[in-house]
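**Q** Show me how the following folds:
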Amino acid sequence: MKKILSIILAGAFIIGALGACAQTPSQPAPPASVQPAPSQPGAAPAPTPTPPPAEAPLGRGITIATQNEAPSIAPARHNAMAGGYKNLLTHNGLFRVSASNLDPVPDLVESWAAVSDTVFEFTIYDNIMFHNGDNMTAYDIAASLEYVRTTPDARSAHFSIESWEVVDTYTIRLSTGDEPNAQLFADLAHTGNFIMPLSLIEAGHDFNTQPVGSGPFVFEEWRFGDFLRFSAFEDYFDAERSPNVEYTLWRIIPEGAARTIALETGEVDFVVEVAFADVPRLQGESGITVYTGSGAGHNQLLLNTSLPIFEDINVRRAIDMAIDREAIVLAGFNGLAIPTSQQTPPIFDGASSQGLREFDPEAARAILAENGIDPATLSFDIIADNEDRRRMGEVVQSNLLDIGIETTITMNDLATSLSRMTDGDFEAAFAGFTSASLLGFMRSVLTTEPDRENRSRIDVPEINELVLAAVNVMDTNERNAMLYEASILANEHVGLIPTHMAMIIRAFNSNLVVPEISAVGNMQFNMVFWE
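**A** Model (predicted):
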């Protein structure tokens, strides 16, 4: 029993970004490696979880300003938070991520049982309807799991599931193979494993242009570069989590100042990516609420270590020491982020700060000189996909020029940036990765497993061995000890250049009640309502 419970409490949710005996849905205790996000000094308190009146009408909709165009709004077809926000509107997984503590909790699942420490049986509710009118069954789940195996963007969320068997109309049995897997329940909450209708999968339906799921909102229209519209699903199976508004309209507004003005003038009701320079002003305005909380997003300057220019560990260490994280946070985020040079997110137990190098340009120049490396031969290009990262790039550019390395900055849209990083068509790029556990982060970012998010291409056999062995370790303390050792190795080898831990900042009309904003950045707009 203890071993099986540990499987549930070791999960990781990924972004791209973010859960025994038979039992009915319940929320497991918080895993030791994840703590609820504390409030930041001067921040508004977390939005109240007060539910809407039981007989309240839907009322009007919500207009949301967002910075980035989603590369896709089909589950399993992207690795971007911008797409994940939309997937949470239109689809469900067997589990979802709790906003309060990042645990995986049942969503479509009515009850589940552990047959053994490698086999689990899940029974879904019998009243779940897809947007096309189909009733969800275990056959839809099986077809969706098979479908995700064909998608390069989401296969990594599927490795914990070795095989499955449909037991009856509403029950499916999943196996992790020969070994227990600490990521199974979290993988079941990943957007890549969200459930789609078998009938449409078999028909070759294009989910990119017309996503169809069982979620609280139905996709209506996507006018590229302008807006996306979703309407409330009247037949949503979960009455307690049914939408409280008629629609959500997502406006694509790349410029931060324009998003702020749109909120101030009432053109939009909610801003996802708040312009950092505007936060103090918005905090002082009546009628606007600014929510600020700790985030799980680890942000980096990725170096493509498969290129000859970055193969030498001394080059990577020199770059690491030359970059001023404090200046990056000030320039890029107006101080509203947490500088870090750790290779692994410091918010998790098992993440080590041992072996870190301080900001020291003189020492960086010395490393290059001692190893006969001419900084003039190390020029490279940095990809940035938004204005915040462009400002980060300007700081990095100045820092590296100080030790003799010239850089350029290329602006790409988010989809192009992600595609280039995935294909290896880049020298350096700003990126971020959000996970709800250290295991999930390290397995995705620092191992060489196929289809993982290791876009820096770092390949350290000792790290691979430790992290992949930890996947099958169910004891939390033993697993964290292995990850701690792997974290030290990661700090030593500098596979990527960490810059900061993100903070979750949202601004919205004060008449909105927004109960669920998680440390991985997810928002459940079906739970939002107007006072």
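**Q** Flag the shaky bits of this protein, pLDDT-wise.
**A** Along the chain, segments meeting pLDDT under 70 span 1-59, 77, 80, 153-156, 451-452.
**Q** quick one: the lengthiest helix in it to chain centroid distance?
**A** In the chain, with assignment by DSSP state H, the single longest helix is helix 476-493. How far helix 476-493 lies from its chain's middle: 22 Å, per C-alpha atoms, centre = their mean, to the nearest Å.
**Q** can you pull the buried residues of that helix?
**A** Of all the residues in helix 476-493, those buried under the rule 16 or more other C-beta atoms under 10 Å are 476, 479-480, 482-493. All C-beta spots, glycine's among them, are computed from the backbone N, C-alpha and C.
**Q** Not counting sequence-adjacent ones, nearest residue to Phe227?
**A** Distances taken as C-beta to C-beta, 6 or more residues apart in numbering place Arg251 nearest to Phe227, at 5.2 Å, with adjacent residues excluded.
**Q** Report all helices and strands that the longest helix of the chain contacts.
**A** On a contact count with 3 or more C-beta pairs under 8 Å, 6 or more residues apart in numbering; DSSP states H and E, helix 476-493 meets helix 438-445, helix 461-470.
**Q** Of those, which is nearest Thr340?
**A** helix 438-445 (12.8 Å; C-beta to C-beta).
**Q** Which other helices and strands does the closest one contact?
**A** Partner elements for helix 438-445 (3+ C-beta pairs under 8 Å, 6+ apart): strand 428-434, helix 461-470, helix 476-493.
**Q** got JSON lines for those, with distance to Ile62 too?
**A** Formatted as JSON lines, the helices and strands packed on helix 438-445 follow (distance: least, C-beta to C-beta, whole Å):
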{"stretch": "strand 428-434", "distance to Ile62": "23"}
{"stretch": "helix 461-470", "distance to Ile62": "40"}
{"stretch": "helix 476-493", "distance to Ile62": "39"}
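**Q** Gly83 is nearest to which of these?
**A** Closest among the helices and strands packed on helix 438-445, once you apply C-beta to C-beta, is strand 428-434, at 13.4 Å.
**Q** returning to what we had before: pick the most buried one from the helices and strands packed on helix 476-493.
**A** Compared across those, helix 438-445 shows the largest average neighbour count, a mean of 27 (mean count of other C-beta atoms under 10 Å).
**Q** and that one, how far out from the chain's middle?
**A** Centroid displacement of helix 438-445 relative to its chain, using C-alpha atoms, centre = their mean, is 12 Å.
**Q** repeat for stretch 323-333
**A** On C-alpha atoms, centre = their mean, the centre of stretch 323-333 falls 22 Å from that of its chain.
**Q** Could you list the residues in contact with that stretch?
**A** Stretch 323-333 has contacts (C-beta atoms under 8 Å, 6 or more residues apart in numbering) with 276, 301, 335-341, 359, 388-389, 391-392, 394-396, 399-400, 497-500, 503.
**Q** buried ones in that stretch?
**A** Applying 16+ other C-beta under 10 Å to stretch 323-333 flags 323-325, 327-333 as buried.
**Q** Ok, which of the helices and strands packed on helix 476-493 comes nearest Ser144?
**A** helix 438-445 (20.9 Å).
**Q** Just the CA trace of that closest one, in CSV.
**A** Extracted C-alpha coordinates of helix 438-445, given in CSV (Å, rounded to 0.1, in the frame of the first residue of the first chain):
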residue,chain,number,x,y,z
LEU,A,438,11.8,17.5,-9.7
LEU,A,439,11.6,14.1,-11.3
GLY,A,440,9.4,15.4,-14.1
PHE,A,441,11.8,18.3,-14.7
MET,A,442,15.0,16.3,-14.8
ARG,A,443,13.6,13.5,-16.9
SER,A,444,12.4,15.9,-19.5
VAL,A,445,15.1,18.5,-19.6
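**Q** follow-up on the earlier one: tell me which of the contacts of stretch 323-333 fall in strands.
**A** In strands, defined here by DSSP state E, the members of the contacts of stretch 323-333 are 301, 338-339, 497-500, 503.
**Q** and which of those residues is nearest to Ala519?
**A** Once C-beta to C-beta is applied, the member of those that ends up nearest Ala519 is Met503, at 9.7 Å.
**Q** ok, now how distant is the closest one from Phe430?
**A** Separation of Met503 from Phe430 (C-beta to C-beta, to the nearest Å) stands at 17 Å.
**Q** hang on, the earlier thing: quick check: the farthest pair among the buried residues of helix 476-493?
**A** Applying C-beta to C-beta across those, the maximum distance is between Thr476 and His493, 25.6 Å.
**Q** where along the stretch 1-150 of the chain do the helices fall?
**A** 2-8, 81-90, 138-148 (DSSP state H, counting those that start in this stretch).
**Q** hang on, I meant the stretch 151-300 of the chain
**A** 184-187, 198-202, 256-264, 279-283.
**Q** Go through the ones you listed and name the closest to Val109.
**A** helix 184-187 (10.1 Å).
**Q** residues contacting the nearest residue in space to Ser518 that is not next to it in sequence?
**A** Leaving aside its chain neighbours, Ser518 sits nearest to Ala99 (4.1 Å; criterion: C-beta to C-beta, 6+ apart). With contact set as C-beta under 8 Å, 6+ apart, Ala99 has these partners: 515-518, 522, 524.
**Q** Can you pull the phi/psi pair for Ala99?
**A** phi -70, psi -20 (degrees, to the nearest 10).
**Q** Please report the distance of it from Val514.
**A** 10 Å.
**Q** So for stretch 110-118, first residue to last residue, what's the gap.
**A** 20 Å (C-alpha to C-alpha, to the nearest Å).
**Q** Likewise for stretch 269-288?
**A** Stretch 269-288 end-to-end distance (C-alpha to C-alpha) = 9 Å.
**Q** From the chain's centroid, how far away is it?
**A** 23 Å.
**Q** which of the residues in it are buried?
**A** 269-276, 278-279, 282, 288.
**Q** Surely Ile313 is in contact with Leu489?
**A** No. At 11.8 Å, Ile313 does not count as touching Leu489 under the criterion of C-beta atoms under 8 Å.
**Q** ok, which pair from the contacts of Ala99 is furthest apart?
**A** Pro515 and Asn522 (12.4 Å).
**Q** okay, those two: which has more neighbours?
**A** Asn522 (24 against 18; other C-beta atoms under 10 Å).
**Q** And that one, how close does it get to Ala189?
**A** 10 Å.
**Q** got any residues that touch both of these two?
**A** With C-beta under 8 Å, 6+ apart, Asn522 and Ala189 have common neighbours Val97.
**Q** Trp164: which of the buried residues of stretch 269-288 is nearest?
**A** Val272 (35.0 Å).
**Q** how much space between the closest one and Ala182?
**A** On the measure of C-beta to C-beta, Val272 and Ala182 end up 31 Å apart.
**Q** again with Val245
**A** From Val245 to Ala182 the distance is 37 Å (C-beta to C-beta).
**Q** re earlier: scan the ones in strands among the contacts of stretch 323-333 and report the most crowded one.
**A** Neighbour counts for the ones in strands among the contacts of stretch 323-333 peak at Thr499, which has 28 neighbours (criterion: other C-beta under 10 Å).
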